[in-house]
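1. Sharing a model prediction with you, sequence too.
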Amino acid sequence: MSTNFNRRSWLKSAGLLTTGVLLEKTNLSKASEFPSQTNAQEKALTFWEWEKSDLTAKPVAMKARLLANENPYGPSEMTKEAIINSINKGNRYGHAEAAELVDMIAKKEGVTKDCIMISPGSSDLLEKTAIIQFVKGGNIVSADPAYMSLIKTAESMSATWKPVPLTSTYQHDLKAMEAAIDAQTQLVYICNPNNPTGTITDGKALWDFCAKVSAKVPVFVDEAYLELMDPTIRMSMVGLVNEGKNVIVCRTFSKIYGMAGLRVGYIVAPPAIISKIDKITRSGMSMNVTAVNGAIAALKDTKFAEDCYKKNKECREYVCSELTKLGYQYMPSQTSFVLFPIQMDGKTFLGKMSERGIGVRSFEIYGQTYCRVSIGTMDEMKLFIDGFKKVMV
Ligand SMILES: Cc1ncc(COP(=O)(O)O)c(C=O)c1O
């Protein structure tokens, strides 16, 4: 493999986007892979996000809030009812309810209770995992681009990030990631489906990678968007925890269950990892009894999750087909967002979209600007396409 990874490689790969729809149907692993990058290039080439994305804008101030991969349909009626009913219990700590939720999750995932830890949003456990793993420094290996939360906490604990570019079909480059592991590596972070690309890494290949690599170093698999994947290719890594592998799987109630603002997430991990994190979380003291009751109801409301999956897919397909009609290419997404390259400065683009009441995100990846649009309701997606046409066409 050449070490001359450069901006051209990624831009060239953007050419593959022309066949974005096709890629979903063809054998992804046959496509050529990105060469790995040199250390000197890492800092200059890694992706970054425009800092001015207006995450704090109130939803009411926007006609279409499509910037944080939220579920526009949630929370479900059953969740809302459970939350309202549990407000009266707000004077008591929610240990019993938290234990019930842990029980339900353990049954759902087919693991023992000591493999589950819940948290106020999965972000909390991304951070806590980074804290326990990087207390003595070391390095973290992940894809680039990746979801940066755990990586940023690791860096703040004085860890070094070893980014490994995605392959030209936007899968994790598992071979290169394995090669990047050294004696100082404390964790491998995988996000599947990946954010911000929305693309997936083949489940079987990832399973084999995790099984092998976890003998050397723990592998953290962030499955925040798993339930939004096509069920025929959906494959969780939870089974590896059951096999006793050093694998940590992270999930959230923020996406398919529409509870982003209510804050519930969890990890499935070996009991040794759970008890290490438990020492710094004080046994779930941060959980909110209303959110916990909401999550219990959400797990029972399977119809709501199925409906959300269908609506998300329908709206995503609408956006992709409109982008194609406009001559735009996009990454083949299995999530509640779509990433595609645009020919405009990111800040200007965000400003023009937000003037029309549309909030999206902009990313700079290897010198190319991308728009990431979250999937909202059909009405919101029509507003997005309409606004986008006015801004770009
Ligand atoms: C890949 C990924 N992991 C984790 C999170 C954190 O989600 P939360 O803290 O709401 O569970 C997000 C949020 O967008 C995400 O995209």
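-> Happy to help now that I have it. Residues are numbered from 1 along each chain as shown.

2. What segments of the protein are strands?
-> Counting by DSSP state E, the segments of the chain that form strands are 48-49, 64-65, 116-119, 139-144, 160-165, 185-191, 219-222, 247-252, 265-268, 337-341, 358-359, 361-365, 368-374.

3. Also compute the angle for the fourth one relative to strand 361-365, please.
-> Same thing as strand 139-144. 110 degrees (axes from the mean of the first three to the mean of the last three C-alpha atoms, to 10 degrees).

4. What pairs with strand 139-144, parallel or antiparallel?
-> Sheet pairing of strand 139-144 (DSSP bridges) gives strand 160-165 (parallel), strand 185-191 (parallel).

5. Buried deepest among the ones you listed, which one?
-> strand 185-191 (a mean of 25; mean count of other C-beta atoms under 10 Å). Glycine gets a C-beta too; all of them are placed from N, C-alpha and C.

6. any residue of that strand up close to the ligand?
-> Yes. Strand 185-191 reaches the ligand (C-beta under 6 Å from any ligand atom) through Cys191.

7. same question, stretch 372-391
-> No. If you take C-beta under 6 Å from any ligand atom as the test, stretch 372-391 misses the ligand, and the best it gets is 9.3 Å.

8. Could you list the alpha-carbon positions for that stretch in CSV?
-> Listed next in CSV are the C-alpha coordinates belonging to stretch 372-391 (Å, rounded to 0.1, in the frame of the first residue of the first chain):
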residue,chain,number,x,y,z
ARG,A,372,-25.2,16.4,6.0
VAL,A,373,-29.0,16.6,6.0
SER,A,374,-30.9,14.7,8.7
ILE,A,375,-34.0,12.9,7.7
GLY,A,376,-37.1,14.6,9.0
THR,A,377,-40.8,14.3,8.0
MET,A,378,-41.8,14.3,4.4
ASP,A,379,-42.9,17.9,4.7
GLU,A,380,-39.5,18.9,6.1
MET,A,381,-37.7,17.0,3.4
LYS,A,382,-39.7,18.8,0.7
LEU,A,383,-38.8,22.1,2.4
PHE,A,384,-35.2,21.1,2.4
ILE,A,385,-35.2,20.2,-1.3
ASP,A,386,-37.1,23.4,-2.2
GLY,A,387,-34.6,25.5,-0.2
PHE,A,388,-31.6,23.6,-1.5
LYS,A,389,-32.7,24.2,-5.1
LYS,A,390,-33.0,27.9,-4.4
VAL,A,391,-29.6,28.1,-2.8
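
9. still on that earlier bit, need the strands paired with strand 139-144 in TSV with distance to Thr281, can you?
-> Shown next, in TSV, are the strands paired with strand 139-144 (distance: least, C-beta to C-beta, whole Å):
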stretch	distance to Thr281
strand 160-165	25
strand 185-191	18
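
10. Any chance of CSV for the ones you listed, columns mean pLDDT?
-> Shown next, in CSV, are those (pLDDT from 0 to 100):
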stretch, mean pLDDT
strand 160-165, 98
strand 185-191, 98
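
11. Which among the ones you listed is found nearest to Ala179?
-> Nearest of the strands paired with strand 139-144 to Ala179, taken as C-beta to C-beta: strand 160-165 at 8.5 Å.

12. Bridge partners for the closest residue to Gly346 other than its chain neighbours, pull those for me.
-> Using C-beta to C-beta, 6 or more residues apart in numbering and skipping residues adjacent in sequence, the residue nearest Gly346 is Ser362, 3.4 Å away. Judged by DSSP bridges, the bridge partners of Ser362 are Cys371.

13. Tell me where this protein is predicted with low confidence.
-> 1-61, 283 (pLDDT under 70).

14. Give me every residue in it lying close to the ligand.
-> 69, 121-123, 147, 191, 195, 222, 224, 252, 254, 260, 265.

15. Same list (these) but as JSON lines, adding distance to Tyr328.
-> Putting those into JSON lines (distance: C-beta to C-beta, whole Å) gives the following:
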{"residue": "Asn69", "distance to Tyr328": "20"}
{"residue": "Gly121", "distance to Tyr328": "32"}
{"residue": "Ser122", "distance to Tyr328": "31"}
{"residue": "Ser123", "distance to Tyr328": "31"}
{"residue": "Tyr147", "distance to Tyr328": "24"}
{"residue": "Cys191", "distance to Tyr328": "24"}
{"residue": "Asn195", "distance to Tyr328": "20"}
{"residue": "Asp222", "distance to Tyr328": "28"}
{"residue": "Ala224", "distance to Tyr328": "26"}
{"residue": "Thr252", "distance to Tyr328": "29"}
{"residue": "Ser254", "distance to Tyr328": "28"}
{"residue": "Ala260", "distance to Tyr328": "27"}
{"residue": "Gly265", "distance to Tyr328": "33"}
